[in-house]
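Engineer: curious how this folds, go ahead:
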Amino acid sequence: MTYKNLPLGQIKEYGAAGRIRTHDPLVRSQVLYPTELQPHSYSRIRQNYAMDTKNYITPAGHEALKTELLQLLDHERPEIVQVVHWAASNGDRSENGDYIYGKKRLREIDRRIRFLNQRLENAVVVNNQDRIANGGDPEQIFFGATVIYSDTEGTDTKIRIVGVDEVDLEKGYVSWISPIAKALIKAKVGDTVRIQTPAGVKEIDILDVRYEDC
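Structural biologist: Predicted coordinates:
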């Protein structure tokens, strides 16, 4: 049995979170999202945050979470269950490395499945296509925007404002709740925005705004 065709609401028991690296000092200095939401941190605080807060996400990010969930349900978990059953049949479980590792891995998978299910249940997919089609300004910054800005040293930087599960600084993806994203929201091409950094207030000029895969 696979879960591919089931509505998400029927998957009761069961991101991408990116690598946290960047070469841009301004983006690196910003808190991308609260510590409890760092990738692969399954704390009670993170889970409460996930359950109590709307999970704004891009269409691509939503699809990535669903793909990961189905991969765990249809492939990885069944394979580990088979390993555990095989290992359990081999005798003393207390000294059975395959059994001990399999049970540990199974718990990790189940935690991840529950977390992904919660995130998908709370997901609000933001698609800018309708807003722009109805006369919204395509050069104004909202969730999902790709922004190119220049700092006072003349360095151009490209970022995209995405959901907390989509953060990947290698790609320039920053969370919508990060300080830099909050400062940019509703700004337009040609605006100068002041951003508070650990080194003090810094001004950046908005050079370009676009909506890719909106």
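
Engineer: so where's the chain uncertain?
Structural biologist: 1-52, 92, 214 (pLDDT under 70).

Engineer: which stretches in it count as helices?
Structural biologist: Counting by DSSP state H, the chain has helices at residues 25-29, 44-52, 59-71, 77-88, 97-121, 128-133, 179-184.

Engineer: can you redo the ones you listed as CSV with distance to Gly163?
Structural biologist: For glycine as for every other residue, the C-beta is placed from the backbone atoms N, C-alpha and C. Output for the helices of the chain, formatted as CSV (distance: least, Cβ to Cβ, whole Å):
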stretch, distance to Gly163
helix 25-29, 17
helix 44-52, 11
helix 59-71, 5
helix 77-88, 25
helix 97-121, 9
helix 128-133, 14
helix 179-184, 11
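
Engineer: TSV please, covering these and showing mean neighbour count.
Structural biologist: Formatted as TSV, those follow (neighbours: other Cβ atoms under 10 Å):
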stretch	mean neighbour count
helix 25-29	16
helix 44-52	14
helix 59-71	17
helix 77-88	15
helix 97-121	16
helix 128-133	14
helix 179-184	20
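
Engineer: not counting residues beside it along the chain, what's closest to Val201?
Structural biologist: Arg194 (5.4 Å; Cβ to Cβ, 6 or more residues apart in numbering).

Engineer: related to what we said a few turns ago, closest one to Val162 among the helices of the chain?
Structural biologist: Distance to Val162, taken as Cβ to Cβ, is lowest for helix 59-71 among the helices of the chain, at 6.2 Å.

Engineer: which strands and helices sit next to that closest one?
Structural biologist: If contacts are counted by 3 or more Cβ pairs under 8 Å, 6 or more residues apart in numbering; DSSP states H and E, helix 59-71 sits against helix 97-121, strand 123-125.

Engineer: how close does the residue nearest in space to the middle of the chain sit to Gln129?
Structural biologist: Centroid-nearest residue in the chain: Asp165, 1.2 Å away (criterion: Cα atoms, centre = their mean). Asp165 sits 21 Å away from Gln129 when distances are taken as Cβ to Cβ, to the nearest Å.

Engineer: wait, Ile132 sits on Tyr211?
Structural biologist: Yes - contact criterion Cβ atoms under 8 Å: Ile132 and Tyr211 qualify, at 6.7 Å.

Engineer: identify the contacts common to these two.
Structural biologist: Pro138 (Cβ atoms under 8 Å, 6 or more residues apart in numbering).

Engineer: residues contacting the closest residue to Lys103 other than its chain neighbours?
Structural biologist: Leaving aside its chain neighbours, Lys103 sits nearest to Val84 (6.0 Å; criterion: Cβ to Cβ, 6+ apart). By Cβ under 8 Å, 6+ apart, the contact list for Val84 reads Tyr99, Gly102, Lys103, Leu106.

Engineer: as TSV, the residues you listed with distance to His62 would be great.
Structural biologist: TSV is the format used below for the contacts of Val84 (distance: Cβ to Cβ, whole Å):
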residue	distance to His62
Tyr99	36
Gly102	31
Lys103	32
Leu106	26
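
Engineer: looking at those, which is nearest Tyr173?
Structural biologist: Scanning these for proximity to Tyr173, where the rule is Cβ to Cβ, the winner is Leu106, at 30.9 Å.

Engineer: ok, and the closest non-adjacent residue to that closest one?
Structural biologist: Nearest to Leu106 is Ile80, by Cβ to Cβ, 6+ apart, at 5.1 Å.
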